[in-house]
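# Fold the stuff below for me.
(chains A and B)
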Amino acid sequence: MDVPEADAEEIASDVLFTVSCKIHSFKCGGRAKLTTWIFEIAKNRAIDFHRKTRVEEVELDDNTSGGQNEESFACRNQTMLLWLDGELKHFSDHDRQLLLWRAREIEYATIAQWLGITEGAARTRHARAQARLLQASRTGVRKAGR
Amino acid sequence: MDEKQLNRLLSSAVKHGDIPIELNDSVVDSLLEHSLEEGADDTTERVRAKFEIQMQDAAIAHAGPLVTDQSLPFGRFLETVREKAGLTRIQVARRLGTTDSDLQRLERGDITPLAIEPRSFADILVLFHLTLVSAIPMIVASIRVSNSKRTYRPAARSHGGILREARSDDIERALDAFAKKMQKRSSTQVAVPPNVAAYISRVRNELQTSGRTDLLE
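So this is what the prediction gives:
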């Protein structure tokens, strides 16, 4: 999840601590396996970390005029996020996951395994979904901003 | 927007949790099977140490409020909280950067809090989530009990011929309780002696320097 090693250690111990505190709330035989439950906690903790560092980045940017990188600009652009969130709802579960996992640079073969499809099918579907999303972005972002 | 920008937007949205990404059993199983590298031994050890510290802090935070007797000598208070938290002397001593035998001497009242460096005393307050104000009566109680025990020890020795080293912790505790009771009889209002006030002032400075002003009141 793109967390620096020192911070990752901090997060890992936080996750263990959260797991030990909340283990009583885990339902054995419920919706997810224990490992998935723990990964969900880890994912949320990593997201918290990125959100916190994003706030710090924005504060730094505000103090230093210019030097805004595209990512922080895109992150802060609520219009684009709203458009993206709405647009992704029009995609199938598989296509949406393909787009999101690929954006995080997960290998096609790995995603294909998760989705129960071949690697070739994953590549084709991703290319189609991406083209569709790009096409939508050319008009969609402008519309959402109005 | 081009392909690169779109992927950056998607990546950032996932990274910051703006677009939720689904983790199901098959994804996690696959991650566990293929994508995760075994952490280096020293990394695992550091994570384990951090986790242990978090667990100890939580245990102390839970146990502290259970000990409400503010007339306890400081050392006995630490011992009671430590035992309720289920921690060993070695664990607490390690956190405080001291030895378990020194911690034992403090807990038993063989040394009074005034014999500790103010900085180390501030560290104890931080570890035990104790405010300086609430520690004052316990410091005073430590000194008074310690003074009283000095009188009772020769008497105990002359009656039983037992050396302090041979007395068990239970007898030492009983002696503390007795000394404390005698102090209560002789004085109901506890005044803060000037040497304690001066010490408190130095501890206050330490807490301010380390940014723990929350522990002053």
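
# Point out the residues in chain B that sit beside chain A.
Within chain B, the positions adjacent to chain A are B:1-3, B:5-19, B:21-32, B:34-35, B:43, B:46-47, B:50-51, B:54-55, B:58 by CB under 8 Å from any CB of the partner chain. Using the backbone N, CA and C atoms, a C-beta is placed for each residue, glycine as well.

# now do 7 Å
Taking CB under 7 Å from any CB of the partner chain as the contact definition, chain B meets chain A at B:1, B:3, B:5-19, B:21-28, B:30, B:32, B:34-35, B:43, B:46-47, B:50-51, B:54-55.

# Return the subset of the residues you listed lying in helices.
Cross-referencing the residues of chain B next to chain A with the helices (criterion: DSSP state H) gives B:3, B:5-15, B:25-28, B:30, B:43, B:46-47, B:50-51, B:54-55 as the overlap.

# how about B:Q70, phi and psi?
When read as degrees, to the nearest 10, the backbone of B:Q70 gives phi -80, psi 0.

# and the gap between the residue lying closest to it once chain neighbours are set aside and chain A?
Of all residues not flanking B:Q70 in the chain, B:P137 sits nearest, at 5.2 Å (CB to CB, 6 or more residues apart in numbering or on different chains). Computed as CB to the nearest CB, to the nearest Å, the B:P137 to chain A distance reads 33 Å.

# in what helix or strand does B:P137 lie?
B:P137 is located in helix B:132-160, with elements delineated by DSSP states H and E.

# B:I90: neighbouring residues, count only.
11 (other CB atoms under 10 Å in any protein chain shown).

# same check, this time on B:V145
When neighbours are defined as other CB under 10 Å, B:V145 has 27 of them.

# Quick check: it touching B:G109?
Yes: because the distance of 6.0 Å satisfies CB atoms under 7 Å, B:V145 is recorded as touching B:G109.

# so what sits against both of the two?
Common contacts of B:V145 and B:G109 (CB atoms under 7 Å, 6 or more residues apart in numbering or on different chains): B:73, B:176.

# in chain A, which spans are helices?
In chain A, helices defined by DSSP H lie at A:5-22, A:34-63, A:70-76, A:78-88, A:93-103, A:108-115, A:119-145, listed in chain order.

# The third one - what's its average pLDDT?
Just to be clear, that refers to helix A:70-76. Mean pLDDT, helix A:70-76: 52.

# do stretch A:12-26 as well
The pLDDT scores in stretch A:12-26 average 91.

# again with stretch B:103-120
Here the average pLDDT along stretch B:103-120 is 92.

# residues near B:G86, how many?
Using other CB under 10 Å, B:G86 has 13 other residues around it.

# can you pull the contacts of it?
Remark: with contacts taken as CB under 7 Å, 6+ apart, B:G86 is in contact with B:A59.

# That one: what secondary structure?
State at B:G86, reduced to three classes by DSSP: H, G, I helix; E, B strand; the rest coil: coil.

# quick one: it and chain A, what's the gap?
Separation of B:G86 from chain A (CB to the nearest CB): 14 Å.

# Please apply the same query to B:L96.
If you measure B:L96 against chain A using CB to the nearest CB, the figure is 20 Å.

# mind checking pLDDT for residue 49?
Assuming you mean chain A. So, for A:F49, pLDDT stands at 87.

# Not quite, go with chain B.
B:A49 is assigned 91 on the pLDDT scale.

# ok, it - how many residues close by?
Using other CB under 10 Å, B:A49 has 12 other residues around it.

# And B:G17, by the same measure?
By the measure other CB under 10 Å, the count of residues near B:G17 is 15.

# hang on, isn't it packed against A:F49?
No: because the distance of 10.3 Å does not satisfy CB under 7 Å, B:G17 is recorded as not touching A:F49.

# what residues does stretch A:12-26 touch?
Counting by CB under 7 Å, 6+ apart, the neighbours of stretch A:12-26 from elsewhere in the structure are A:34, A:37-38, A:41-42, A:45, B:47, B:50-51, B:54-55.

# domains in chain A, as residue ranges please.
Using automatic domain parsing, the domains assigned to chain A come out as A:1-76, A:77-146.

# tell me the most buried of the ones you listed?
domain A:77-146 (a mean of 16; mean count of other CB atoms under 10 Å in any protein chain shown).
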